[in-house]
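Novice: Here is the input, now give the coordinates:
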Amino acid sequence: MIAKAVKGRGFRGALAYDLNQEKGRVIDTNMGGTTPRDLAKEFGEVRSLRPKLGKAVLHVSLSAAPGERLSDEQWRQVATRYLHGMGLENNQYIVTRHIDTEHEHVHLLVNRIRFDGDVTSDSHDYRRQEVLMRAIEREYDLQRVAPSIDVQRHAPTKGEIEEGLRTGQPSTRQRLQQLCDAAAKGCDSFTDYAARLEAVDVQLVHVVQLEGRKLSGLSYVLDGVMMKGSDLGRGYSPMGLAKRGVGYDKERDLEEVSRRIERSQAGVIEPADRTPAPSEADQRGRTGSAVRTAGPGDGRADRRDESQPGAGPTAQQGTERAIQGASGGSGEIVAQRHASSREGGRATGAGSVADGIAPLPAGRADGSDDGAARERILALAGASAGGPELAGRKGGSGTAAVGDRSAKAVQRQVTAISIDRFVLTLVNSKTGVQEERHWHKEEVLKSVAWLKRMNARGYDIRIRPDGEHGLALLGGLNKADVRVLHERGFAPAAVVEITTGQYEAWVKLSQKPLAEPVRDQAAQGLVRGLGIYSAAKTISLVEGRLAGFTKQDVQRTSGRHPFVLLAEAEGRLAPAAPAYLAKFTQEKVRAQEPRYNGQRARSGGRGR
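Specialist: Sure thing, here's the model as predicted:
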C-alpha cells in the first residue's frame, strides 16, 4: 500500500474533489457537516485557533496494490491506523473512498490543527509515514512494498510519468539509470564501468579522498545535465556500485579516475552548446549551460514532482538519444559496431541474462570490445515503456564536443560523399511537417549538436546533395547486397545502416556531375545488372539517412528504435563505374536509334 501526503492552504477545493458524487463516498468522519460548504466552515472554525499557520490542510491518499480489494470497514480500519500512527487522532478528518480508477484508494482530508489549538508535528513525516505503511501492510496482510531505503533505484516522479506519457520520452534521470544499469551488469572494476559509460557519451565526475584511496563521490553528465549518483538512487553512488560488484581499487583505477578528473577540469565535459546553428537562433528554445543541473524535463533531482513539467514539443527536454559510434574501420560492413580507439579494462565473463539485462563484456586493453559494449548498452538500456528512444538535448554549436560520436559519424559520411553543398531535411515523425536547410559541408558539421536536439524532439534527419552530382543512392539493401556491390567493382563511397540489417549505399559513379535522368537510369540498371533487384527494394533514393541519429519514423521493434549507423566511409570512386557509364551511355544511344531513324525518315519524306 502506498501513501501520498500533500500539505495545502485551502479546505474547500479538496472537499469539492473528495466529495464528488460521481467518484466516491464518505466512509468515515468525526465531523458533523454533510456538504462541502458546511464542512469547510467547520474546518475553518478550528483553523481560526492558529490564524498564522500557512498550511493547515493535510490531504492524504492511500492506494492499494493492483488487484487488492478492501471493504469499507477494512478501509476505515486502515485510515484510523494511519491517523493514530501519524499523531492525528485528535484532529478533524474525513475519509472518502473513490471508485473512479482501477486501483482502490481512499482520501483522508485532515486539519493539522488539533482541537486544543496545537499543531500536529510534521517532523520527518515522510519517513514516519513510510515506516507506518510497512507496518499496516504486515498487520492487514497486504502486498508488501520495499522501503525506499532498500530501493537502489529511485522511482519516477509524477512529473516524469506525466511528461513521459505526453511526449513518449524518458527523462534524463531515467535514461541515466537505464544506461548505468546496463553498464554495471557483469562489470567488476570501476575503470571498465567508466569506459562503458563513456562509450555512450555518459561522463563521470569523481570526488576522491585520502590521496586517491577512497572514491567518495560520483556524478553523471549526460547531454550537459549533471546529476549526483544519489539523485539516481542508492545503487549509483560509489558505495552502491561496490555492492553491485563495481569496486574501486586505487592501484587499478586511480590512474583512470585521475585522467577523467583532469579532463573535466580542462572543460572536456562541457558540451558544445554555445551558439545556434546557422540561421537557427529562433528555433533553439531552451538551451543548457556548459554543465547544468537537472531541470523539469530531466526528472527532478530532489525526487519531488514538478506541477508543470513542460509544454509543447518545442519546449520539451530530455530522452533517450541516438548514441552512435563513428570510428570503425571501413572495409567491413559492420566494422563500426566492433571497433573503437578507447582504452578499456580487463575482460569479464559473459554471465547470464537476468531481469532483461544481459552482462556486458568489458573492454580489452586494445579497446576492441568497446564498440560491442556500446551496442549492448544501447540495446539493453532501451527507451521508457511505451515511448520511443530519442536523442538527447544539445544546442547547436560551432564544434562538436570531444568524444561526440554523432559528430564523428556525420563528418565521415559527408567527407566520403565528397559534395560541397547539401540539403538537410528535418521531418517531424508525428505530423509529417518538413523543414529544409541548404548548407555547405562546414555548416553541416557545425550544426550537429542542433540536429541532435531536433532529433530528440522527434525529427528524422535526412540528407541529399544540393545540385547535380555523380552519386547513385541505393536503398533497401541487405548485407549480402552490399557484399555483391564490392565483388562487382561498385564498392560504395559510404554505407549507412538505417536499421538492423538494412542499408543504404552511396555509390560514386563519376567524379563529375551527372544529369538526374542519367543518374536515375544508371542506378536502376546497376541494381538489375547485379541481380539484387526485388520489389521490396527502393532503387535510386532521392535522399538518404544521416548517420549518428535515431530513426523516428518507424514503429519500435525489439524494444527500441533503430539507430542510423555509418558502416563504411571509403569515399572512393567505384572501380567499375567508368566502364559501366560508358557502356550504359552506348546502350542508351542504341536504344534511341530507332526513334531517331524514324524521325529522320519522316523529316526526309516531308522534304521530298
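
Novice: you'd agree Tyr93 is up against Ile113?
Specialist: No: using Cβ atoms under 8 Å, Tyr93 makes no contact with Ile113, being 11.9 Å away. To be clear about C-beta, it is placed using only N, CA and C from the backbone, and glycine gets the same treatment.

Novice: Count residues in the vicinity of the closest residue in space to Glu42 that isn't next to it in sequence, would you?
Specialist: Once flanking residues are discounted, Glu42 sits nearest to Gly33: 4.9 Å by Cβ to Cβ, 6 or more residues apart in numbering. Residues lying near Gly33 (other Cβ atoms under 10 Å) number 15.

Novice: in what helix or strand does Gly33 lie?
Specialist: In the assignment (DSSP states H and E), Gly33 maps to no helix and no strand.

Novice: Where in the protein is the helix or strand with the lowest mean pLDDT?
Specialist: Lowest by mean pLDDT, DSSP states H and E among the helices and strands of the chain is helix 335-338, with a mean of 34.

Novice: Okay, domains of this structure per the record?
Specialist: 2-150, 158-318, 579-608 (automatic domain parsing).

Novice: residue ranges with poor pLDDT in the stretch 101-250 of the chain?
Specialist: For the stretch 101-250 of the chain, the stretches flagged by pLDDT under 70 are 101-102, 146-152, 158, 206-216, 249-250.

Novice: For it, which segments are assigned as helices?
Specialist: Per DSSP state H, counting those that start in this stretch, the stretch 101-250 of the chain carries helices over the ranges 125-139, 158-167, 172-184, 190-199, 229-232, 238-243, 250-265.

Novice: Let's have those in JSON lines, adding mean neighbour count and distance to Val542.
Specialist: Formatted as JSON lines, the helices of the stretch 101-250 of the chain follow (neighbours: other Cβ atoms under 10 Å; distance: least, Cβ to Cβ, whole Å):
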{"stretch": "helix 125-139", "mean neighbour count": "15", "distance to Val542": "58"}
{"stretch": "helix 158-167", "mean neighbour count": "20", "distance to Val542": "30"}
{"stretch": "helix 172-184", "mean neighbour count": "26", "distance to Val542": "34"}
{"stretch": "helix 190-199", "mean neighbour count": "26", "distance to Val542": "34"}
{"stretch": "helix 229-232", "mean neighbour count": "21", "distance to Val542": "44"}
{"stretch": "helix 238-243", "mean neighbour count": "16", "distance to Val542": "49"}
{"stretch": "helix 250-265", "mean neighbour count": "15", "distance to Val542": "42"}
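
Novice: In CSV: those, plus distance to Leu474.
Specialist: Shown next, in CSV, are the helices of the stretch 101-250 of the chain (distance: least, Cβ to Cβ, whole Å):
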stretch, distance to Leu474
helix 125-139, 60
helix 158-167, 35
helix 172-184, 34
helix 190-199, 31
helix 229-232, 44
helix 238-243, 47
helix 250-265, 41
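
Novice: so which of the ones you listed comes closest to Leu426?
Specialist: Across those, Leu426 has its closest neighbour in helix 158-167 (17.6 Å, Cβ to Cβ).

Novice: residue ranges with poor pLDDT in this structure?
Specialist: If you take pLDDT under 70 as the line, the chain has these spans: 21-22, 100-102, 146-152, 158, 206-216, 249-404, 531-541, 553-562, 584-608.

Novice: For the stretch 401-550 of the chain, just list every one of the helices.
Specialist: Going by DSSP H, counting those that start in this stretch, the stretch 401-550 of the chain shows helices at 405-417, 441-446, 448-456, 479-487, 516-530.

Novice: Can you say which of those helices is packed in most?
Specialist: helix 448-456 (a mean of 27; mean count of other Cβ atoms under 10 Å).
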